[in-house]
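Chemist: mind folding the following:
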Amino acid sequence: MNRIQSDWLEEREDAYLDAAIEATVTQPIDELAVERVKLRARTLVVHESISTPVQVLAIPSDSAKAIQPSSSRMRLTPIKLLTGLAASIAILVWWTMSSSPIAMAKIAESISAIRSVRFHFSTSYGGQEPSDGTIEIQDQVIRYDHGSRVHIYDHANQKAAVLETQDKLWQELDLSGLPQPVINPLVELVAARGRAAKPLGHEWRDGKKLSIYELENFDLMASPGKGKITLWLNDETNLPVRIEWRDPDPKFKKLTIFDQFKWELDLPADHFAIRMPEGYQPGEIEPQSTKMPTKTQLVEKQDLSSGLVYSGRVPGCFEVDRERKLLTAILRDKEGSHSGMPTQLRQWDLSTGQIRWTKFVGGAIQFGLRAEHNLLALIEGQEIQIREATTGEVIRTMETEHVLGAVAIDMTGSRMASAYIDWGRNQSKPVGGVELWNISTGALERSIDVGDRVEMAAIRPDGAVIAAASQGNIRFYNTETGRLEHALLGTSRIDYSADGRKLAFISIEQGWTGTLGKVHVLDAMSYANEQSLTLLGGKERTWPLGLDFSPSGKRVAACDWNGAIGVWDLANGQAVSGLKPMDSGVHCIRFIDENHIATGSEDGTLRIHRLGD
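Modeler: This is a model prediction of the structure:
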């Protein structure tokens, strides 16, 4: 047994301590624990002799019986006292070591000393065929091989690349804009160095003794709950041989296994290079969906001849750029389903239907996407992101203390209005308001407390008025003074024509056959009502969700959760023919041009409809 030398304790006394520990414990314990036993015993000896009642736990070893004192008060020499105390403390240390953080600390220390590793992983759901691949790590660079797809992540330089080996495509990505892409259990194990591991026993494999541990409430792969990890550890190296992680959600029955570990390999340098390999071409590579136990797997489709731009996840909100050439949408999972992918921001070229780029934008994003002056304003939590419309790159962010509902940019691209809801202040009901921002500086110019929760804001194209829709009312405020100018009864959907002359909003009215969605068109300056249009079709109940003026302001379109879509010519108030109700709720509607509209539905489709004359 290796010992740390002491300057003040005689070697003879150290020998007694070692003998007592070895006689007490039936199997070896950690060297650190041995030293802790000795130090604890030494601190209890303060005189040449000591008189104290000492009680020692029953020790089965014959050699230990020689140092077992009686329960009566007796005088002991320091040597004998040390050996007795060491025996007692050793038993307690041995009993507690198996569930102490010592094991995890040693694992973390061993993993941290490794420079390179390769291992295999597989993930299965509910007994389905597993999805597997290989992970290689060298320093801070990770290579992830999964079928025909290869991802490389350079964390030190915040860069990433993806290769499609079948089509010989290569794409460089910004690592800061990606979600956690690679399942790396080694990082999680290092982070758990201070946790306690429950021992499950030992196992011999390939002539090597493996210790098995279990950790509850282990967070891995950004799981919705805390799972359980089982770890097989090589006793000689303190490095993992096998790791199993189980999702706590019984609905998914998800199991991920990491095995075939090869440590300290001489891995090829080009496996970790962020550069395009010879023979490859740059291209836009679609993210792969994760297998999940849903009734149907996520399959993305496109059929431009029928007007289908995209079929897969739900385009809950989308915008068309000022030149009417680009369409940008927020894609999320359908209600009640889970693809394993984060919310995405994606852009298509309307002339070809081709994807221009895809960005990951978090998992709980509000539908606050608005486009104007080649800028996109996007809400993510309590943050407003201003992005360049053609690239999707973030150029400025603004943070607020409130829950955001929607955003709108004026025609100049210099100002932006945001709607917010405040759930605090111990009110019986939430309150809200609107905020006016300077886009170029990111400064908050004005905050207007509306009182009711504000779900949507619109800014008149000239930037002079902010409209706040809340709880069946629309209030109009002067942006320079914050003064209330006008109020209307309506719902939380409002839109201005591009020239700023007209204003449209939606109301819900009771009709003979049930509730009806009404679209009201007003003069934007005088607020005089010019037309009231009825949204027909769909199911009996109505819940209008989308509203949009055509580029010329001569037409207006609306959509409903009941599947109804409507377009009207404002010159005569007549509905455009040829539009059929959809089978599922329609979240968003936008004009592409005077004769085409785009719709995004809960069925996961993004479609372009040609309008009649």
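Chemist: specify the local secondary structure of residue 440.
Modeler: coil (DSSP: H, G, I helix; E, B strand; the rest coil).
Chemist: residue contacts, it?
Modeler: residue 414 (C-beta atoms under 8 Å, 6 or more residues apart in numbering). C-beta: built from backbone N, CA, C; applies to glycine.
Chemist: repeat that for 10 Å
Modeler: 386, 396, 413, 414, 415 (C-beta atoms under 10 Å, 6 or more residues apart in numbering).
Chemist: likewise residue 478?
Modeler: Residues in contact with residue 478 (C-beta under 10 Å, 6+ apart) are 446, 448, 464, 465, 466, 484, 485.
Chemist: closest to residue 503 out of those?
Modeler: Among those, residue 465 lies closest to residue 503 (C-beta to C-beta), at 9.5 Å.
Chemist: what's the neighbour count on the closest one?
Modeler: By other C-beta atoms under 10 Å, the residues close to residue 465 number 22.
Chemist: from residue 193, how far off is the nearest residue to it once chain neighbours are set aside?
Modeler: Among residues not flanking residue 465 along the chain, residue 476 sits closest, at 5.4 Å (C-beta to C-beta, 6 or more residues apart in numbering). Applying C-beta to C-beta, to the nearest Å, the value for residue 476 to residue 193 is 59 Å.
Chemist: okay, those two: which has more neighbours?
Modeler: Of the pair residue 476 and residue 193, residue 476 is the one with more neighbours under other C-beta under 10 Å, namely 20 against 16.
Chemist: list the helices and strands the helix or strand hosting residue 488 packs on?
Modeler: Residue 488 is located in strand 484-489, with elements delineated by DSSP states H and E. Secondary-structure packing of strand 484-489 (3 or more C-beta pairs under 10 Å, 6 or more residues apart in numbering; DSSP states H and E): strand 465-470, strand 473-478, strand 502-511, strand 514-523.
Chemist: list the buried ones in that strand?
Modeler: Of the residues in strand 484-489, those buried by neighbour count under the rule 16 or more other C-beta atoms under 10 Å are residue 488.
Chemist: quick check: what element follows that strand along the chain?
Modeler: Counting by DSSP H and E, what follows strand 484-489 is strand 494-496.
Chemist: gap between that following strand and the chain center?
Modeler: 32 Å (C-alpha atoms, centre = their mean, to the nearest Å).
Chemist: for the record, mean pLDDT for it?
Modeler: Here strand 494-496 scores 89 as its mean pLDDT.
Chemist: not counting it itself, show me its contacts.
Modeler: Contacting residues not belonging to strand 494-496 are listed as 406, 408, 410-411, 456-462, 465, 467-469, 474, 476, 488, 502-506, 519, 524, 546-549, 553, 556-558 [C-beta under 10 Å, 6+ apart].
Chemist: so which of the contacts of residue 478 comes closest to residue 163?
Modeler: residue 466 (47.7 Å).
Chemist: straight-line length of stretch 416-430, end to end?
Modeler: Length of stretch 416-430, first residue to last, C-alpha to C-alpha, to the nearest Å: 23 Å.
Chemist: okay, now the residue nearest to residue 542 when sequence neighbours are not counted: neighbour count?
Modeler: Once flanking residues are discounted, residue 542 sits nearest to residue 517: 4.4 Å by C-beta to C-beta, 6+ apart. Neighbour count of residue 517, defined by other C-beta under 10 Å: 28.
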